[in-house]
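Engineer: please work out how this folds:
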Amino acid sequence: MSDRLAIAAIVVQAFVLAVLELFFLPLRLDGTLLPKVSDYPFPIAAIVAIITTPLLVLAAAAHARRPLTAAAPLLVWLATLLVLGVFGPGGDTMLLNDWRTLLLFAGGMLPSAVAVGAFMGRQARAGDQ
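Structural biologist: You can find the predicted model right below:
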């Protein structure tokens, strides 16, 4: 029961992080919220995704027995970004049509997919012995 509760907490964290990353995706250095540096885009959401999403997958893998359970934070994160990004609050599209969206998706998915692959490799190695 403890493993299920831990996985559920990790999945909730993945959901919350996806929502926050989506909301902070359009940040710019325009002098409104951040210092003014010629309106340059500030991809902090992608940086957070690069760091946190693989960590959530690794944390889930520590409690998982199956690859789908280990990949649950990644799948929830991706589904949240797609659903809220395309059908956002009030029907608005929240995903930007620029490089920051691509960096957010690639930065969150690629390292997390590697973490899931590492989990599957450890499982296969344990099954060989």
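Engineer: stretch 9-21 - what's its average pLDDT?
Structural biologist: Mean pLDDT, stretch 9-21: 96.
Engineer: please spell out which residues along the helix ranked longest in the chain are buried.
Structural biologist: When the chain is parsed with DSSP state H, its longest helix is helix 99-128. Judged by neighbour count (16 or more other C-beta atoms under 10 Å), helix 99-128 contains these buried residues: 100-101, 103-105, 107-109, 111-112, 115-116, 119, 123. (Each C-beta comes from the backbone N, C-alpha and C, glycine too.)
Engineer: okay, the residues you listed in CSV with pLDDT next?
Structural biologist: Converted to CSV, these look like this (pLDDT from 0 to 100):
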residue, pLDDT
Arg100, 89
Thr101, 91
Leu103, 93
Leu104, 93
Phe105, 94
Gly107, 93
Gly108, 93
Met109, 94
Pro111, 94
Ser112, 94
Ala115, 93
Val116, 93
Phe119, 92
Gln123, 85
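Engineer: out of these, who's nearest Ser2?
Structural biologist: Using C-beta to C-beta, Phe119 comes nearest to Ser2 of the buried residues of helix 99-128, at 18.9 Å.
Engineer: shaky segments in the chain?
Structural biologist: Along the chain, the parts satisfying pLDDT under 70 run over 1, 31-35, 128-129.
Engineer: show me what the one helix or strand Leu68 maps to is in contact with.
Structural biologist: Leu68 is located in helix 67-70, with elements delineated by DSSP states H and E. The contact list for helix 67-70 (C-beta atoms under 8 Å, 6 or more residues apart in numbering) reads Ile7, Val57, Ala60, Ala61, His63, Ala64, Ala115, Val116, Phe119, Met120, Gln123.
Engineer: neighbours of the third one, how many?
Structural biologist: By the other C-beta atoms under 10 Å criterion, the neighbourhood of Ala60 contains 27 residues.
Engineer: name the element it belongs to?
Structural biologist: With DSSP H and E as the test, Ala60 turns up in helix 44-63.
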